[in-house]
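Chemist: only geometry, no sequence info:
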């Protein structure tokens, strides 16, 4: 690969049809720091956590109104199963089925089957699901469109890197619509700032607080916890999920400097950090409704009182500020620097990150007090990241972005892009676990995965405006297109087939 | 990971269940006759589908592969039908299905891609003709209004040519075309990682041909879809359906049975879906060439020559097996290994098209197979 090709493909998101190749690759990358826009129009138009939260509150209110009208859902369903007339808010019900008189096997028309009794709870749920899926698709499309129109593709890559580092997963109803807003609201504003600020914004974001159950965590000795204990409510208490993942995944790294006792202590310090208006479970309900739905709120009555000792340091009682102080220290830890440096080096220099590069990035992080652009400059300055053979196998998201950019596409349809990523095996913001998507070849370079890309490429090419794939190949991979690919493209039976072959060429599969 | 085939069918079934008719509206065709070509890509083993159980050499030559036919339904004194093909058997018994055996196209080498090119273009050799015989067939039928459709994402060679042809595939990500797969293989030749992955992807694809997937339900859905495209008054009149998974080099017994179950389900769904229009329909099932008579070392068979073809439909003069049987004894084989072809597939196809559309058989032969072996189209196949 040439320097230009590495800058465009390994650091950027792939060359875009019609764009001039950067003359000085390194300068082009670093210059993007001055031009980056945290809230460009495509992202500003995407659903925000605030609007999603309002919709969720509406849904909870609807459910409550139904419960007030019909009693618990269980009771209504039992009544419906008994054939009791349809509830007033539900669909009209056809007359009960009775065998038509003189019915025979050759009757001209079969007796009409009764339409299933509509369950208003289910209907409300379906509507909420549909709205959430629409918000999700709009957010995925916003992310893709931003990747297609951006003039700062290196920074966009870093945004996507951090969103995967702080992964949430669009599995449950609340998370489906909220998943994208974490990236847009907590990552984008801080991608060129300090890691500590990004960490702080992420751990206070409703998507993270709900995804990792922080919103339901209650200190056992807090006011609310004690009251619950007195009433014998067993399902109210401490939840360690977020505290553990902050230490294991977001900062220090697994098997590093913390113990189970540190996790529990940190979880106690975190109690009270929650979300207004939305979220599930007794803790969330007890958390109160202060603040706009979806906004971060500290609820003193669920906060575990007292001093905490975490990774050898004492944190005096102090409400919201106690966990904040812990987060600040976690961000400054050498273990965190090591963890982040390793992941960044893996992303730019290959699956087995070169130790010398990791050490350099770690030093840059610690010396700059976690200033991310300083770390990024150290990456760009690392010769390991400029190895002339490709170091990474593109994951389905990266491949899709690169393919669309290669075709000069500037806008995708929400439904189409969600479907594509599902079919390619990497549904956006839905890794299914807080560790996020793997960043190694073995997870993506599978036979079926390649077959799906070939199918998608043929489909893309059939719909793309006719292009000369021979010229396009030279532009996408300046001074880096292999003779084998050039020949296969030149020998294609049609321009569309030439484009399809270029899109699945070895050059496109890797960066 | 969701299985690719599952996805494919889910798309198809959703479209059908929701009553979303594919966006196909043609001018009302002046002919009521329908013609469907189901291509078996990969060289289907005719001896394993319509087995010459009456041939004294059959059991000896076929070893384990003969076992499926121990109690298979007999078609006549010589032949039995694979037990997985129950619906086709019923059509045979209703005299709506005809099997032709020891047939072959003019192609005599054993490359899938060249063989399919000959089968689809109707040329005497690979790459001699630039258009497909089904495309030329559009010029033969009584009305220029008749339309043809490929039930796949891309238009296969048999349908390609100057006359406009539609294609429709129900899934979001259709399977890539065989030509593309072949070219990708060449593209990855020098890349050890991608070459290995691609070889594996291709063999997986061959192993799980869509006919066998999901216990034949995928195939039935495709048949149903094709029927929906063909049944309406303003629907298509010619359709082509591609099937794969016939290249049974290993473990043939189970794979062929599963594939035949799918093919049978597809044909059954076509008949059911077409309803009364089945009376005006001719379905041709054909493959590029056959497979070796003897079983190889991995429970399969290798590329061969002569094979079987099928004609099904309301107008087919069925209930019989057409064959000038060459025999399976060692001395009777073609190049000491394959079923010797004694009937031209071209003549069978031209005869079927001529019968189905009431065209002069000589004219059908000349238009569909212009470089052909100058044989006469077979008469009396379709009323």
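Modeler: On my side now, so go ahead. Because the structure is predicted, anything quoted here is derived from the model rather than measured.
Chemist: where in chain A is pLDDT low?
Modeler: Within chain A, the stretches with pLDDT under 70 are A:83-117, A:279-290.
Chemist: just checking, what's the longest helix in it?
Modeler: helix A:120-149 (DSSP state H).
Chemist: Please identify the buried residues of stretch B:273-293?
Modeler: B:273-274, B:277-278, B:280-293 (16 or more other C-beta atoms under 10 Å in any protein chain shown). All C-beta spots, glycine's among them, are computed from the backbone N, C-alpha and C.
Chemist: Same check on stretch B:327-336?
Modeler: B:327, B:328, B:333, B:334.
Chemist: about what we covered before: show me what the following helix or strand past the longest helix of chain A is packed up against.
Modeler: Counting by DSSP states H and E, the next helix or strand C-terminal to helix A:120-149 is helix A:153-165. Other helices and strands packing on helix A:153-165, by 3 or more C-beta pairs under 8 Å, 6 or more residues apart in numbering or on different chains; DSSP states H and E, are helix A:25-35, helix A:120-149, helix A:334-349.
Chemist: what sits up against helix A:153-165?
Modeler: A:7-8, A:11-14, A:29, A:32-33, A:36, A:143, A:146-147, A:150, A:182-183, A:187-188, A:191-192, A:198, A:249-250, A:340, A:343-344, A:347, A:372, A:376, A:397, A:429, A:431, A:436-437, A:439 (C-beta atoms under 8 Å, 6 or more residues apart in numbering or on different chains).
Chemist: Name the SS class of the closest residue in space to residue A:442 that isn't next to it in sequence, please.
Modeler: If the residues on either side of it in the chain are set aside, residue A:442 comes closest to residue A:351, at 7.8 Å by C-beta to C-beta, 6 or more residues apart in numbering or on different chains. Three-state assignment for residue A:351 (DSSP: H, G, I helix; E, B strand; the rest coil): coil.
Chemist: Distance check, residue A:351 against residue A:396.
Modeler: 17 Å (C-beta to C-beta, to the nearest Å).
Chemist: Neighbour count: the two, which is higher?
Modeler: residue A:396 (22 against 15; other C-beta atoms under 10 Å in any protein chain shown).
Chemist: does that one really touch residue A:445, like I thought?
Modeler: No. Checked against C-beta atoms under 8 Å, the pair residue A:396 and residue A:445 is beyond contact range at 11.1 Å.
Chemist: what about the strands in the chain?
Modeler: Since no chain was named, I'll use chain A. Counting by DSSP state E, one finds strands in chain A at the ranges A:273-275, A:296-298, A:308-310, A:313-315.
Chemist: wrong one, I was asking about chain B
Modeler: Using DSSP E, strands in chain B cover B:34-40, B:50-51, B:80-81, B:97-104, B:148-150, B:165-167, B:238-243, B:281-287, B:307-312, B:320-322, B:343-344.
Chemist: Disregarding flanking residues, what is the spatial nearest neighbour of the residue nearest in space to the middle of chain A?
Modeler: Nearest to the mean C-alpha position of chain A, by C-alpha atoms, centre = their mean, lies residue A:429 at 2.8 Å. The spatial neighbour of residue A:429 that comes closest, neighbours along the chain excluded (C-beta to C-beta, 6+ apart), is residue A:179 at 3.8 Å.
Chemist: Of all the strands of chain A, which one comes closest to chain B?
Modeler: Between chain B and the strands of chain A, the shortest gap by C-beta to the nearest C-beta is with strand A:273-275, which sits at 32.5 Å.
Chemist: what lines up beside that closest one in the sheet?
Modeler: Using DSSP bridges, strand A:273-275 pairs in its sheet with strand A:296-298 (antiparallel).
Chemist: can you list contacts of the strand it pairs with?
Modeler: Under C-beta under 8 Å, 6+ apart, the answer for strand A:296-298 is A:204-206, A:209, A:272-276, A:287-288, A:290-291, A:319-320.
Chemist: From the chain's centroid, how far away is that strand?
Modeler: When C-alpha coordinates are averaged (C-alpha atoms, centre = their mean, to the nearest Å), strand A:296-298 and its chain have centres 22 Å apart.
Chemist: now swap in stretch A:303-312 and tell me
Modeler: Chain-centre distance of stretch A:303-312: 31 Å, with C-alpha atoms, centre = their mean.
Chemist: cool, and stretch B:177-186?
Modeler: 21 Å.
Chemist: who's in contact with it?
Modeler: A:454, A:458, A:488, A:491-493, A:497, A:500-501, A:504, B:41, B:113, B:116, B:153-154, B:156, B:176, B:198-199, B:202, B:205.
Chemist: Inside helices: which ones of those residues?
Modeler: Using DSSP H, the contacts of stretch B:177-186 in helices are A:454, A:458, A:488, A:497, A:500, A:501, B:113, B:116, B:198, B:199, B:202, B:205.
Chemist: Highest neighbour count among these?
Modeler: Busiest of the ones in helices among the contacts of stretch B:177-186 [other C-beta under 10 Å] is residue A:500, holding 30 neighbours.
Chemist: Would you mind listing the residues in contact with that residue?
Modeler: Counting by C-beta under 8 Å, 6+ apart, residue A:500 has contacts A:454, A:457, A:458, A:460, A:461, A:462, A:492, B:180.
Chemist: Now for whichever residue of the stretch 151-300 of chain A sits closest to chain B, how many residues are close by?
Modeler: Nearest to chain B, among the residues of the stretch 151-300 of chain A, is residue A:171, at 15.5 Å (C-beta to the nearest C-beta). For residue A:171, the number of neighbouring residues by other C-beta under 10 Å comes to 16.
Chemist: Just to check, it is in contact with residue A:430?
Modeler: Yes. Residue A:171 sits in contact with residue A:430 when judged by C-beta under 8 Å, with a separation of 6.7 Å.
Chemist: Identify all contacting residues around stretch A:29-38.
Modeler: A:7, A:11-12, A:151-155, A:188-189, A:191-192, A:373, A:376-377, A:380.
Chemist: try 7 Å
Modeler: A:7, A:11, A:151, A:152, A:154, A:155, A:188, A:189, A:192, A:373, A:377, A:380 (C-beta atoms under 7 Å, 6 or more residues apart in numbering or on different chains).
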